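# turn this into a structure:
(chains A and B)
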Amino acid sequence: ETGVTQSPTHLIKTRGQQVTLRCSSQSGHNTVSWYQQALGQGPQFIFQYYREEENGRGNFPPRFSGLQFPNYSSELNVNALELDDSALYLCASSLRQGEAFFGQGTRLTVV
Amino acid sequence: AQSVTQPDIHITVSEGASLELRCNYSYGATPYLFWYVQSPGQGLQLLLKYFSGDTLVQGIKGFEAEFKRSQSSFNLRKPSVHWSDAAEYFCAVPTTSGTYKYIFGTGTRLKVLA
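Residues are numbered from 1 along each chain as shown, chains lettered A, B, ... in the order given. Down below sits the predicted model:
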């Protein structure tokens, strides 16, 4: 059974650019959630995908978008990057209302 | 709305000393509760979870937590801290209204003195 894997592990982008982060969910899980963890804070829910459909969204602007693929892997896209987008982005996979398993995260730095 | 409060931002203990990290929640019904640990630059590792039943829950790495409904608390404890326990600890509660998502506390950073 493979765990949740995220890529890349680290990323540096310039303000105004676009970024795509990737997540492979744990085998058998059909739900992926994305969280943003700013420095010194707890993770904040961005959105969730269930069977390729968005299934809830936190308080994040539309420039944060996502996709889920038929194999349940997922992407998080952020357009028009701002300095405040610098954070650790965590992906969690689960069954729809089951325990979430987290990946190691992608550290995004916006300069 | 559900919320989780971790009153202690930083805690410092000596190696071998006991540890208690506090977590208070606000929730309408009996919650599910989780404790996660995060080493620097790493993701979240589940320490333990409470769903129902016995209010004293055992987890990995020698940690335990006790659910106290009357105090709306789910404090994490360890009898004897090891230097490798230095990390950040998060308490979390999943919502059950609408999207099943996790609400995290702001975390407690644990420092262990040799």
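
# alpha carbons only for contacts and neighbour counts from here, please
Fine.

# and residue 68, what are its bridge partners?
By default, I'm working from chain A. residue A:74 (DSSP bridges).

# meant chain B, my bad for not saying
Beta-bridge partners, per DSSP bridges, of residue B:68: residue B:73.

# ok, it touching residue B:74?
Yes. Counting by C-alpha atoms under 8 Å, residue B:68 touches residue B:74, with 6.3 Å between them.

# look at the two and report which has more neighbours.
Between residue B:68 and residue B:74, counted using other C-alpha atoms under 10 Å in any protein chain shown, the more crowded position is residue B:74 (27 against 13).

# and the gap between that one and residue B:8?
14 Å (C-alpha to C-alpha, to the nearest Å).

# now do the contacts for residue 46.
Reading this off chain A. Residue A:46 makes contacts with A:33-36, A:57-60, as judged by C-alpha atoms under 8 Å, 6 or more residues apart in numbering or on different chains.

# that's the other chain; I wanted chain B
Per C-alpha under 8 Å, 6+ apart, neighbours of residue B:46: B:34-37.

# again, only this time at 6 Å
Neighbouring residues of residue B:46 by C-alpha atoms under 6 Å, 6 or more residues apart in numbering or on different chains: residue B:36.

# so for residue B:53, what's the pLDDT?
Model confidence at residue B:53, expressed as pLDDT, equals 85.

# the one 4 residues further on now?
The per-residue pLDDT reported for residue B:57 equals 96.

# buried residues of the helix or strand hosting it, list them for me.
Following DSSP states H and E, the helix or strand that holds residue B:57 is strand B:56-58. The neighbour-count check on strand B:56-58 (16 or more other C-alpha atoms under 10 Å in any protein chain shown) flags B:57-58 as buried.

# one more: stretch A:38-48?
Within stretch A:38-48, the residues that count as buried by 16+ other C-alpha under 10 Å are A:38, A:42-48.

# pick out whichever of the residues you listed sits closest to chain B.
residue A:42 (4.4 Å; C-alpha to the nearest C-alpha).

# where do the strands sit along chain A?
A:5-7, A:10-13, A:19-24, A:31-37, A:44-50, A:53-57, A:64-68, A:74-78, A:87-94, A:101-102, A:106-110 (DSSP state E).

# can you list the strands that the fifth one pairs with?
Based on DSSP bridges, the pairing partners of strand A:44-50 within the sheet are strand A:31-37 (antiparallel), strand A:53-57 (antiparallel).

# before we move on, what about the shortest one?
Take DSSP bridges as the rule and strand A:101-102 pairs in its sheet with strand A:87-94 (antiparallel).
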